[in-house]
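[1] Next comes the sequence, and after it the predicted model I'd like to discuss.
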Amino acid sequence: MKILKDVMEQVIKRDPNEPEFHQAVMEVLESLEPVAEKHPEWVKAGIFDRIVEPERQITFRVSWVDDDGNVQVNRGYRIQFNSAIGPYKGGIRLHPSVNASILKFLGFEQILKNSLTGLPMGGGKGGSDFDPKGKSDGEVMRFCQSFMTELERHIGENTDVPAGDIGTGAREIGYMFGQYKRLRNDFTGVLTGKGLTWGGSLARTEATGYGLCYFMDEALRAKGKSLKGATVVISGSGNVAIYATEKIHQLGGKVVALSDSNGYIYDPEGIKLETVQKIKEVERKRISEYIKYHPKAKYTEGCSDIWKIKCDIALPCATQNDIDENSAKTLVANGCYAVGEGANMPSTPEAIDVFIKNKIIFAPSKAANAGGVATSGLEMSQNSMRYPWTFEEVDAKLKDIMVEIYKAASSAAKEYGHEDNLVVGANIAGFLKVANAMYAQGIAY
Ligand code: NDP
C-alpha cells in the first residue's frame, strides 16, 4: 500500500543509519496493510506516521570513576516511544553494542508487546553502551548511580517505569532504585524487577522464560503437538534462557544446548540447570565452565553452529539477529517444527520467511516474550495496591495472559486473512488497541 511505503521511506530518510529500527518498523508496517485498508480514518489521522516516531528521545552523558581513579564516560538513552495506553514501560539495556537504532527498535516493539499483554502500559526502552562485564560491584554501582542521576528527572511511577534487560539484572536495578529514592525522597514503584523485600514481585525473575514456555505450550497444543518429550535448543544463558530451561524441564521437554557470546555447550543427556545457575548467576563466569562439571558435555567456541544441533523446538533467548536464513534452513532440514523467540527480534526477516514458508510454528518475540513485561505490569499493580500476591497467584495470572496473547494473535491472523501467521497476528492485535487510543486522543499528541 502506497501510504505505508511512504511511511517507511520517511523513517529511513529521517534516520538513515538505524538498520535495526528500520527492520522492526518494516516488519510491522507490512503486517498492517490490511488494517490500513480497513481504517482510512486512521490513515487520515496520521496514526501510521506518528506511531513510528518516538514521543520523546533523551540522550545524556554518564560519567563515573573506575576503581583505578580514572574518569569514564558512557552515553545514556531513554526512548519514550508511545504513551497512548499507559506510562512508558520497557527495560534498560547495558551492553557495548547499545545505540539509538537498537533502542528505537526495542522501544517500537515494546509498544505493541505491552498492548498485547492487555495491561495499561505504553512503550519505551533505554540503556547505555556501558559494559558491566568485568567491572567490580563498586564500578557498576557508581555507573548506575550516575545513570539514574540524570534519568530520574524523566521517569516516574505514572510517567515512565523502566525495568531490566540485557546487562541489567537485580543488582543494577537495586543501585538505580536506591539512587532514585535518595534523589526524590520518594518510595514508589518507579522501576520493576525490584528485590522481593522492597517492592518486587514474586515470579518476575522467572516470568519471561516461563511465559515463553506457556505461549509455546498453547501454540503447540493448537497444532496437536506438545512440549512433552521434545528436544529443545536454547541460545543464551542469561535470565530468559535459564528460566525457559527450567520450565521446559518442568513441562517434560529436554533442553540439550545453551550458549553465551563466546560459544555453546551441548549436553545430549539434558542440561543440568543447577550448574548453569552456579556459573552464570552466582560466579558470573563463562558457559564453557560447564564441561568442567560435566565432562561428557561438549563446548564449541562461536555461537552460530548451535542451530546445527538437531532439535524439535528452537528458543533463541540471547540477542537480536541470532538466527539468519542459513541457520533457519538448517533447523528446518533437521526436523525442527517450532521456534519461539525469547529474545527480541532474534530471527532475521529472511529467517522468518523460511519458517513461515515451511509452516513452522513460529512465535514472534513481541508475543512470545511478553511475559516479562506483563509481570512487570503486575508488579506495578501490587505496588499501587501496596499488597503483594503469592508466587502462585502471579504465575497463574502470567499463564492466563500468555494464553490470551496466543488467542489474540492467532484470531487476528485469521480475521485479517493470514491464518497461522502469528507475526502478522501479533502485530495487528497489538496495534489495534494503540491506534484506537491514539485516534481518540487527538492529533497534537
Ligand atoms: P541477560 O543479560 O541475562 O542474558 C543475555 C544472554 O545472551 C547472555 O547469555 C549473553 O551472553 C547472550 N548474549 C548477549 N549478547 C549477545 C551477542 N551479541 N551474541 C551472543 N550472545 C549474546 O539478558 P536477558 O536474558 O534478560 O535477555 C535476553 C534477551 O531477551 C534480550 O533480547 C532481551 O531484550 C530479551 N528480553 C528479556 C526480558 C527479561 O525479562 N529479561 C523480557 C523480554 C525480552 P554473554 O553473557 O556472553 O553476554
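    Received the coordinates, thanks.
[2] Backbone dihedrals for the residue of the stretch 51-200 of the chain at minimum distance from the ligand, both of them.
    Scanning the stretch 51-200 of the chain for proximity to the ligand using C-beta to the nearest ligand atom identifies Ile166 as nearest, at 4.0 Å. C-beta here means a position set from N, CA and C on the backbone, and glycine is covered the same way. Taking degrees, to the nearest 10, you get phi -50, psi 130 for the backbone angles of Ile166.
[3] Identify the residues contacting it.
    Neighbour list for Ile166: Arg93, Leu94, His95, Gly238, Thr319 [criterion: C-beta atoms under 8 Å, 6 or more residues apart in numbering].
[4] what two of these have the greatest distance between them?
    Put simply, by C-beta to C-beta the two of the contacts of Ile166 set farthest apart are Leu94 and Thr319, 13.1 Å from each other.
[5] So for those two, which residue has more residues nearby?
    More neighbours surround Leu94 than the other of Leu94 and Thr319, with 28 against 20 (other C-beta atoms under 10 Å).
[6] Might one say that that one is in contact with Tyr175?
    No: the pair Leu94 and Tyr175 does not pass the contact test of C-beta atoms under 8 Å, sitting 11.3 Å apart.
[7] burial count for Gly252?
    Gly252 has 11 nearby residues by other C-beta under 10 Å.
[8] three-state assignment of it?
    Three-state call for Gly252 (DSSP: H, G, I helix; E, B strand; the rest coil): coil.
[9] can you pull the contacts of the residue of the stretch 201-350 of the chain found nearest the ligand?
    Nearest residue of the stretch 201-350 of the chain to the ligand (C-beta to the nearest ligand atom) works out as Gly238 at 1.8 Å. Applying C-beta under 8 Å, 6+ apart, one finds that Gly238 lies in contact with Ile166, Asp260, Lys280, Cys317, Ala318.
[10] Equivalent analysis for His294, please.
    Residues in contact with His294, defined by C-beta under 8 Å, 6+ apart, are Asp267, Lys272, Thr275.
[11] Look up phi and psi at the first one.
    Summarising the backbone geometry of Asp267 under the convention degrees, to the nearest 10, its torsions are phi -130, psi 100.
[12] out of the contacts of Ile166, which one sits closest to Asp68?
    Set against Asp68, the nearest of these by C-beta to C-beta is Leu94 (20.4 Å).
[13] give me the number of residues near the residue nearest to that closest one when sequence neighbours are not counted?
    In space, and not counting its chain neighbours, Leu94 is closest to Gly167: 3.3 Å by C-beta to C-beta, 6 or more residues apart in numbering. Using other C-beta under 10 Å, Gly167 has 21 other residues around it.
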